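>>> Give me a model of this one.
(2 chains)
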Amino acid sequence: MSEILDKLHTYFQLPVIRYAMVVGLLIALCSSLLGVTLVMKRFSFIGDGLSHVAFGAMAVATVAGVTNNMLIIMPVTIAAAILLLRTGSKTKIKGDAAIAMISVGALALGYMLMNIAAQSGNKRTSSNVTADVCSTLFGSTSILTLSITDVWICVGMSVFVVAVFLIFYNKIFAVTFDESFAKATGVRSDMYNLLIAVVIAVIIVFAMNFVGSLLISALIIFPALSAMRIFKSFRSVIICSVIISLFCAASGLIIAILVGTPVGSTIVSADICVFFAFCLASFIMKKGR
Amino acid sequence: MGALLKCENVSLGYEGDVVTKGLNFTVNSGDYLCIVGENGSGKSTLIKALLGLKPQLSGNIELCGEVGKNEIGYLPQQTMVQRDFPASVREIVLSGCMNRCGLRPFYNKEEKKLAKDMMERLEITPLARRCYRELSGGQQQRVLLARALCAARKMILLDEPVTGLDPKATNEMYELIGSLNKKDGITVIMVSHDMNAAVRYASHILHVGRKQLFFGTKDDYLTSKTGQAFLTVMGGDDDE
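Coordinates of the predicted model:
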């Protein structure tokens, strides 16, 4: 045991590991906040959809040779989020189908673009493209190569997300619980839906580096679903899912560092374990009554 | 007694399919309007149009006089999403005060007290910390009504408020709505297919079918042809 602690101690001497921990916890915090809202709005898959859009945008940015690819990724993802969340109730193509369509469409186009660019000799070999794609899909080890600037950007993003969430907490609840009531009684629900869309897009773009675009939904959905097994009020569910998310991110990261497993999938595995633990707990609580 | 709501030549429907048309009526401050009609005659659609949730196909719906959009309460028919939502009764009732907040992020003391009073009034105070999804249908209906009351300062719109209630709870619900109208002076617009209650409590009746069949005071309705015909058909099986 002390051996492990020693090992951890040495690792935490390294700034990169500390950065990874900070960024990981911040992203876990942000992504868990909106989980309940998205689950209840039946938008569980939006994380997947948007992250694939972000992947497609990233491919475009890479091919176009834009140095700061955030400039392209962020607006495109936010636009897609707005499109999906806002018009979801009115359009002919319904929510789930629209998400599926945009998600796989962006994935396919992004992958194709990257391949074409590679073949036309954009300094990359095709094996590099595969590695690139793989790392964006499953989370790269780039979480372990963060610079201090990245950490500050992430801190800024988290402050933004948490502040928006706290300030609009009551409004988010009202709009999620019963949108038509909110609208009918004069609350500007369209505006708040837009806000939710923007925040979720911001979270996803940042979290993509962390767990990768295929696993991002897990980070958003699992803590919320676990908390909903046991807790009954909106506030307690939110608080609990934040705690679960932080715990899973921390333990997942530590295990990944110690054992050398991929960061993203380790964290998601921790989330899955907690989910089943909570299912079991709620089952026992029901039996006990 | 100014007009609060005016409907001029409104027609309603889905994507070009007209459900009902030729709606012309005015709701004055202090009225108790009951909207009756057969299933599928567009009663709920009309409520949604009055609230601005669904656009009308043609015609004009106008909120006028002293009632603002954020002074209206609404009791909807339940949707599926709400049924498994993790939310405590108190959180839901309090969310009815949202339209008083404007841009202010949190509820103030007055609003919290209002929510508390409304829970007291509907006798759901003991349930305050319970989870909404674990309540019975009647209790859920009371919670939603308490929320609507928090939102209603001038006017309340109710869509089938007694669905799923037993006879005793149904009566209490009607009494409560009646006292809201009489004592608190809140204008009530209610959709119902319970004709007995409609003629007992309402001051005005709007009867919709493929077009507007009747609008006027209750007494006129009882002597009108439409009213008598409908009452003989519906009168017998109301005590569901």
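>>> what's the domain layout of chain B?
Split into domains by automatic domain parsing, chain B comes to B:1-68+B:155-240, B:78-153.
>>> Now look at the shortest one and say if it contacts chain A.
To tie it back to what came earlier, the one meant is domain B:78-153. Yes: applying C-beta under 8 Å from any C-beta of the partner chain, one finds domain B:78-153 touching chain A at B:79, B:81-82, B:85-88, B:90-92, B:94-96, B:98-99, B:101, B:105-107, B:129-131, B:134, B:147-148, B:151. To be clear about C-beta, it is placed using only N, CA and C from the backbone, and glycine gets the same treatment.
>>> Work out the gap between that domain and the centre of the chain.
With C-alpha atoms, centre = their mean, to the nearest Å as the basis, the distance from the averaged C-alpha position of domain B:78-153 to the chain average is 16 Å.
>>> re the thing from before, I'd like to know which of the residues of domain B:78-153 next to chain A are buried.
When these are checked for burial by 16 or more other C-beta atoms under 10 Å in any protein chain shown, the buried set is B:82, B:85-88, B:90-92, B:94-96, B:98-99, B:101, B:107, B:130-131, B:147-148, B:151.
>>> quick one: A:Phe206 and chain B, what's the gap?
Distance from A:Phe206 to chain B, counting by C-beta to the nearest C-beta, to the nearest Å: 24 Å.
>>> next structured bit after the host helix or strand of A:Ile204?
Taking DSSP states H and E as the definition, A:Ile204 sits inside helix A:189-211. For helix A:189-211, the succeeding helix or strand toward the C-terminus, using DSSP H and E, is helix A:216-230.
>>> for the helix or strand just after that next one, what is the average pLDDT?
The element immediately downstream of helix A:216-230 (helix or strand, assigned by DSSP H and E) is helix A:234-259. Mean pLDDT, helix A:234-259: 92.
>>> Now helix A:234-259: buried residues?
Across helix A:234-259, burial judged by 16+ other C-beta under 10 Å covers A:234, A:237-238, A:240-242, A:244-257.
>>> same question, stretch A:36-45
Buried residues in stretch A:36-45, counting neighbours by 16+ other C-beta under 10 Å, are found at A:Val36, A:Thr37, A:Leu38, A:Val39, A:Met40, A:Lys41, A:Phe43, A:Ser44, A:Phe45.
>>> From the residues you listed, which land in strands?
Judged by DSSP state E, the subset of those located in strands is empty.
>>> among the helices and strands of chain A, which has the poorest mean pLDDT?
Ranked by mean pLDDT, DSSP states H and E, the weakest helix or strand in chain A is helix A:126-138, scoring a mean of 64.
>>> I'd like the next helix or strand past that helix.
Once helix A:126-138 ends, the next helix or strand along the chain (criterion: DSSP H and E) is helix A:148-167.
>>> pLDDT at A:Met114, what is it?
Per-residue confidence at A:Met114 stands at 79 (pLDDT).
>>> now do the one 5 residues further on
Model confidence at A:Gln119, expressed as pLDDT, equals 72.
>>> List the neighbouring strands of the helix or strand containing B:Gln212 plus their orientation.
Of the helices and strands defined by DSSP H and E, B:Gln212 is found in strand B:212-217. In its sheet, strand B:212-217 lies beside strand B:204-208 (antiparallel), with partners assigned from DSSP bridges.
>>> For the partner strand, output the C-alpha coordinates as PDB.
Listed next in PDB are the C-alpha coordinates belonging to strand B:204-208 (Å, rounded to 0.1, in the frame of the first residue of the first chain):
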ATOM      1  CA  HIS B 204     -70.100  32.100 -18.700                       C
ATOM      2  CA  ILE B 205     -70.000  29.100 -21.000                       C
ATOM      3  CA  LEU B 206     -68.200  28.700 -24.300                       C
ATOM      4  CA  HIS B 207     -69.400  25.700 -26.300                       C
ATOM      5  CA  VAL B 208     -67.000  24.700 -29.100                       C
END
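>>> and that strand, average pLDDT?
Predicted confidence along strand B:204-208 averages 86 (mean pLDDT).
>>> Then stretch A:280-289?
Across stretch A:280-289, the per-residue pLDDT values average to 85.
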